[in-house]
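>>> when you get a sec, could you give me coordinates for this:
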Amino acid sequence: MDDNKKTTKDVVNKKQKQMLNQEEIDPAKIAEAFGGYVVESLNPSKDELERRLMNRILGGDTRTPAEIDKEIRAARRKEKVDRGTVKKVLKGVK
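Numbers count the residues shown, from 1 in each chain. The predicted model follows:
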């Protein structure tokens with residue numbers, strides 16, 4: 001019975017040593033080895049902008065520059081209107 005416990009203890013010690021000797025995998029180092037980098041963001045709108053940019057760079061976006069500019073101007077106008085609406089709502093709350 002003592003031999004069985006000793007064997008179990010040896011196995012546990014061996015596993016602990018293996019776990020301590022394992023290298024932690026660093027995603028940044030892996031990405032760097034392949035010539036890339038890790039992008040981390042907590043901002044969903046920034047993530048969306050990066051996805052759109054990558055889509056354009058990789059050729060998935062077939063719009064012309066004029067079409068893209070038109071959409072950007074429309075988005076800016078909408079944002080300006082939305083900001084005005086928020087200001088009015090906040091004035092009413094105060």
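
>>> check what contacts stretch 53-60 and list those residues.
Outside stretch 53-60, the residues that touch it by CB atoms under 8 Å, 6 or more residues apart in numbering are 61, 68. In this view, the C-beta of every residue, glycine as well, is placed from N, C-alpha and C.

>>> buried ones in it?
Residues of stretch 53-60 include none that count as buried (16 or more other CB atoms under 10 Å).

>>> could I have that stretch exported to PDB, CA atoms only?
Extracted in PDB, the C-alpha atoms of stretch 53-60 (Å, rounded to 0.1, in the frame of the first residue of the first chain):
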ATOM      1  CA  LEU A  53      -9.700  48.800 -44.200                       C
ATOM      2  CA  MET A  54      -8.400  45.200 -44.300                       C
ATOM      3  CA  ASN A  55     -11.300  44.300 -46.600                       C
ATOM      4  CA  ARG A  56     -10.300  47.200 -49.000                       C
ATOM      5  CA  ILE A  57      -6.600  46.300 -48.800                       C
ATOM      6  CA  LEU A  58      -7.300  42.600 -49.600                       C
ATOM      7  CA  GLY A  59      -9.500  43.400 -52.500                       C
ATOM      8  CA  GLY A  60     -12.900  42.400 -51.000                       C
END
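
>>> tell me which helix or strand comes right after whichever strand or helix holds residue 14.
Assigned by DSSP states H and E, residue 14 falls within helix 2-21. Sequence-wise, the next helix or strand downstream of helix 2-21 (DSSP H and E) is helix 27-33.

>>> which helices and strands does that following helix pack with?
In this structure, helix 27-33 makes packing contacts with no helix or strand, judged by 3 or more CB pairs under 8 Å, 6 or more residues apart in numbering; DSSP states H and E.
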